[in-house]
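Chemist: Please work out how this folds:
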Amino acid sequence: MKDAKRPVTVRVARWSAAHPWSAVGLWILFAALCLGLGTAAGTNDISDADSGVGESGRAGRIVAAGDFPEKPEENVLITATRGGPLDPRAARAAADDVVRRMRALPEVESVGRPVPAPDRTAVLVPVTMTGDTETADRHVDPLLAQSAAVQDAHPGLRVEQVGTGSTAKGLTETLGEDFRRAEYISLPLTLLIMLVVFGALIAACVPVVLALSSVAAAIGLSALVSHLLPATSAISNVILLMGMAVGVDYSLFYLKREREERRRGRPDALEIAAETSGHTVVVSGATVAVAMAGLYLAGEATFTSLATGSIIVVGVAVLASLTVLPALLAKLGPRVDRPRIPVLWRMTMRPRSRLWPVLLRPALRRPALTLTVSAAALVLLAVPALDMRLKQPGSDDLPRDIPVVRAMDRLTAAFPSEGTVHEVAVRAPAEQSARVRSALTGLAARTARDPLFAHDRVPEIRTSPDERVHVIDIATPHARSSDGARRSLDTLRTWLPDALADVPGTEYGVGGKLAEGVDFTDHLEARLPLVVGFVLLLTLAMTGAIFRSAAIALSAVALNLLSAAAAFGVLVAVFQNTWAEGILDFHSSGAVVSWLPLFLFVVLFGLSMDYHVFVVSRIREAARDLPARAAVGAGITRSAGVVTSAAVVMVAVFAIFGTLSMVEFKQLGVGLAAAVLIDAVVIRIFVLPSLMALLGDANWWPGRLPPRPADATVPDLPLPVR
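Modeler: Numbering: from 1, shown residues only. Down below sits the predicted model:
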């Protein structure tokens, strides 16, 4: 009966410790089953019809309803090696060679007639592949080989291939290598940090292995769940990012506390760790999950997928820390501290830290001044965020050192209609088909007289077999990120209703990549207050319930908002300007990727609460036996090593993402790394202790601290207070 009153974390730890091989075996079976079943089921990716919002989303659903056959298209581009006009004879010979070679391939369905560019600087040979667009990159090699053969046969020309399969293959090879390199670096780097933290190889490996197994299980579960909620292509990367961060953190919290109590000679060290750090892990995981759940309110499939994947990996990481970790610690016992790394081991065995009392001295001796100065510094960091501009990334944000990207640039320069394209979609009763076609023909004629639109090709109207859906592609010569491209979209959206005014029963929209980006950004800006409000209110309620204190809840929300605002300021200062381009190897578009602020906010809030719950829990323990300021010093000093170690792991993993080529992941990595660094250093060392020192016993208002257990002790710490 007495055992039944113990917290569930203690009861789970007791069972795992009593049956270590069963706990470890069940965990391995769980992870293997999740990964195996997920791999067998495959991932159901988000379709264009699922992900669209606004008018572009409506246009995408109209096109999908037309059931148009989608064939992979390739373009073989022939240009002069040094630019300028082409030799007509040489170009014609090369084009004929391309046609002859491509027609002989079984992977090719048809080859179009060579098309000269209006300025005579290029010739384009359109090629239609067999198969579908999703697998084109796997079957495009024979076409690329023939393009290379034409290049060898005509050395005086430049022969390049751009299209559905070749572009996907070229980007995947370069960007995929980026991700693989990041993964290969992150694992040994995390292990190295753990070696410094524990000074022993086994203790260092345990958090890393548990985090990796959690990531594997979560990826498998995410694949299974994707058949209910379609997944974004980036979900595996986000699961890896979140899983390594929280997985290592939760194991670190638990392992450090067990080690601390064991060194103090406590025979029930594992149970103490389960009751304290285990409880903190559950609370931290819940707060991260609640924050990520705010993404569901964004009302967009990509954010739904990111929320689902993040919640899954956090839940799996919590489960691993509460079940298999106690089993490993019980089985290993003191052997977890073997083999020892001599110098590092001596560092970890120091009974007292001289650094943290020194760092905390300003906050505890002059809390008002420290709070004012540190908060003012964060506000100054946050100021650039007031000028934040958002945009969706496009082809113009890709690194220009990728060959296929340079080929795309030359293609769109010679043939503007291959660049930024607006997709006009109309659905109407079949009996109105002729009138719809006439209206769209008039619309195309109107664009032919306007310099906002491309004029190198005459747009063609596609009609569905049932004659209910009509689609026409209208291009602009302007780059997707330019003001000219945006004006062309606005103009087309103004003209389309006028063109169809006399056709009854129509449903229409202007889509395309630019339109999707514009609508997506507008949608997120409209949803942002709802998501932020949800996260703030639930975080406030959860923190208040956990600590039974309105003061702690309000201060937690305020400090996390301050930390997030400062991180956004850093993000804007770095990526909306050009001063860091050489350092981080990117080209500034003068904007932040539109999906990033919302995603960053919920992740940062969740991770900040992760630290906050852990630190305040230790302060609350100490406050049962010490005066307010001494308790703040004791709690932060006892938790500082764990929080700093966890923060170093997170900053290292996130910073690696800042080295990737894609600007959206670069911004994600830099934003997260900056936020964790600000939170662990400025918030936890200066702002939080000074605020709690000022509030004193009012920190726990309106509740009261529970009486301190008779057998509990607070170590004699060198507190920086008089």
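
Chemist: just checking, Pro116 touches Val123?
Modeler: Yes: assessed by C-beta atoms under 8 Å, Pro116 is found in contact with Val123 at 5.4 Å. Backbone N, C-alpha and C define where each C-beta goes, glycine included.

Chemist: of these two, who's got more company?
Modeler: Summary of the neighbour comparison: Pro116 and Val123, criterion other C-beta atoms under 10 Å, with Val123 having more neighbours (24 against 19).

Chemist: Residues in a beta bridge with the more buried one, which ones?
Modeler: When assigned by DSSP bridges, Val123 has beta-bridge partners Ile78, Pro116.

Chemist: all numbers from here: first residue = 51
Modeler: All right, first residue 51 from here; so that's Val173.

Chemist: residue boundaries of the strands in the stretch 51-200 of the chain?
Modeler: Secondary structure of the stretch 51-200 of the chain by DSSP state E, counting those that start in this stretch: the strands cover 123-130, 158-161, 165-166, 172-179.

Chemist: Off-centre distance for stretch 676-695?
Modeler: Using C-alpha atoms, centre = their mean, to the nearest Å, the distance from the centre of stretch 676-695 to the centre of the chain it belongs to is 32 Å.

Chemist: and it, C-alpha only, in PDB?
Modeler: Extracted as PDB, the C-alpha positions of stretch 676-695 are listed here (Å, rounded to 0.1, in the frame of the first residue of the first chain):
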ATOM      1  CA  LEU A 676      17.000  27.600   3.100                       C
ATOM      2  CA  PRO A 677      16.200  31.300   2.900                       C
ATOM      3  CA  ALA A 678      14.900  32.600  -0.400                       C
ATOM      4  CA  ARG A 679      18.100  34.000  -1.900                       C
ATOM      5  CA  ALA A 680      20.200  31.100  -0.600                       C
ATOM      6  CA  ALA A 681      17.700  28.700  -2.100                       C
ATOM      7  CA  VAL A 682      18.000  30.400  -5.500                       C
ATOM      8  CA  GLY A 683      21.800  30.100  -5.300                       C
ATOM      9  CA  ALA A 684      21.700  26.500  -4.100                       C
ATOM     10  CA  GLY A 685      19.100  25.400  -6.700                       C
ATOM     11  CA  ILE A 686      20.900  27.000  -9.700                       C
ATOM     12  CA  THR A 687      24.400  25.900  -8.500                       C
ATOM     13  CA  ARG A 688      23.200  22.300  -8.200                       C
ATOM     14  CA  SER A 689      21.500  22.400 -11.600                       C
ATOM     15  CA  ALA A 690      23.900  24.600 -13.500                       C
ATOM     16  CA  GLY A 691      26.200  21.800 -14.600                       C
ATOM     17  CA  VAL A 692      23.300  19.700 -16.100                       C
ATOM     18  CA  VAL A 693      21.600  22.700 -17.700                       C
ATOM     19  CA  THR A 694      24.900  23.900 -19.200                       C
ATOM     20  CA  SER A 695      25.800  20.400 -20.500                       C
END
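
Chemist: Minimum distance to Tyr661: which of the strands of the stretch 51-200 of the chain has it?
Modeler: strand 123-130 (50.4 Å; C-beta to C-beta).

Chemist: So what's the model's average confidence on that closest one?
Modeler: Along strand 123-130, the predicted local confidence has a mean pLDDT of 94.

Chemist: Report the set of residues contacting both of Pro166 and Val173.
Modeler: Listed contacts common to Pro166 and Val173 are Ala141; contacts here mean C-beta atoms under 8 Å, 6 or more residues apart in numbering.

Chemist: looking at this structure, which residue lies furthest from center?
Modeler: Relative to the mean C-alpha coordinate of the chain, counting by C-alpha atoms, centre = their mean, the farthest residue is Arg139 (50.6 Å).

Chemist: pretty sure Leu580 contacts Leu347?
Modeler: Yes: the pair Leu580 / Leu347 is scored as a contact, 5.1 Å apart, by C-beta under 8 Å.

Chemist: Please identify which of the two sits among more neighbours.
Modeler: Set side by side, Leu580 and Leu347 show more neighbours around Leu347, with 19 against 13, by other C-beta under 10 Å.

Chemist: Check the gap between the more buried one and Leu648 for me.
Modeler: Counting by C-beta to C-beta, to the nearest Å, the gap between Leu347 and Leu648 amounts to 10 Å.

Chemist: same check, this time on Glu233
Modeler: Applying C-beta to C-beta to Glu233 and Leu648 gives a distance of 26 Å.

Chemist: Neighbour count: these two, which is higher?
Modeler: Neighbours of Glu233 and Leu648, each counted by other C-beta under 10 Å, are more numerous for Leu648; the result is 23 against 13.

Chemist: quick one, what contacts Leu550?
Modeler: Leu550 sits next to Val476, Val486, Ala489, Thr556, Tyr558 when contact means C-beta under 8 Å, 6+ apart.

Chemist: repeat that with 7 Å
Modeler: With contacts defined as C-beta atoms under 7 Å, 6 or more residues apart in numbering, Leu550 is in contact with Val476, Ala489, Thr556, Tyr558.

Chemist: Look at the residue lying closest to Thr628 once chain neighbours are set aside and tell me its secondary structure.
Modeler: Once flanking residues are discounted, Thr628 sits nearest to Ser638: 5.0 Å by C-beta to C-beta, 6 or more residues apart in numbering. Counting by DSSP: H, G, I helix; E, B strand; the rest coil, the backbone at Ser638 sits in coil.

Chemist: Pull the number of nearby residues for Ser638.
Modeler: A total of 16 residues lie near Ser638 under the criterion other C-beta under 10 Å.

Chemist: Low-confidence bits of the stretch 251-400 of the chain, can you list those?
Modeler: Low-confidence segments of the stretch 251-400 of the chain, defined by pLDDT under 70, are located at 399-400.

Chemist: Same check on the chain?
Modeler: Judged by pLDDT under 70, the chain has its weakly predicted residues at 51-55, 98-99, 399-403, 753-772.

Chemist: and the residue most central in space within the chain, what does it touch?
Modeler: For the chain, the residue sitting closest to the mean C-alpha position, by C-alpha atoms, centre = their mean, is Val288 at 4.9 Å. For Val288, the residues meeting the contact criterion (C-beta under 7 Å, 6+ apart) are Leu356, Gly359, Ser360.
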